[in-house]
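# please work out how this folds:
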Amino acid sequence: MRILYLLFPLLLLLVQGAAALGKEEKCLRKKGVCIFGGCRFPYKYVGSCSTFRHCCKLIWG
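Residues are numbered from 1 along each chain as shown. So this is what the prediction gives:
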């Protein structure tokens, strides 16, 4: 029974990781790039890939 307390957080981490992969694919479809931190010039913010990574796209592209 005690092993269930250890398996449940592991399952949540796996599900969260799978969701982040889906966000990266959406960013690539928008012709963006996942960048750690904020978007800097010449990029603009388009969305988020994960908590600390943002989807950025070139201003002119």
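
# tell me where the model's unsure across the chain.
By pLDDT under 70, the weakly predicted segments of the chain are 1, 4, 11-21, 61.

# for it, which residue is closest to the average position?
With distances taken as CA atoms, centre = their mean, the residue of the chain nearest its centroid is Cys49 (2.3 Å).

# what sits against the nearest residue to that one once chain neighbours are set aside?
Counting by CB to CB, 6 or more residues apart in numbering, Cys49 lies nearest to Cys34, which is 3.8 Å off, once chain neighbours are set aside. C-beta here means a position set from N, CA and C on the backbone, and glycine is covered the same way. By CB atoms under 8 Å, 6 or more residues apart in numbering, the residues touching Cys34 are Glu24, Cys27, Cys49, Ser50, Arg53, His54, Cys55, Cys56.

# distance of the closest residue to Pro42 other than its chain neighbours from Lys26?
Distance criterion CB to CB, 6+ apart; nearest residue to Pro42, sequence neighbours excluded, is Ile59 at 5.1 Å. Per CB to CB, to the nearest Å, Ile59 is found 20 Å from Lys26.

# between the two, which is the more surrounded one?
Just comparing Ile59 and Lys26: by other CB atoms under 10 Å the higher neighbour count belongs to Lys26, 14 against 10.
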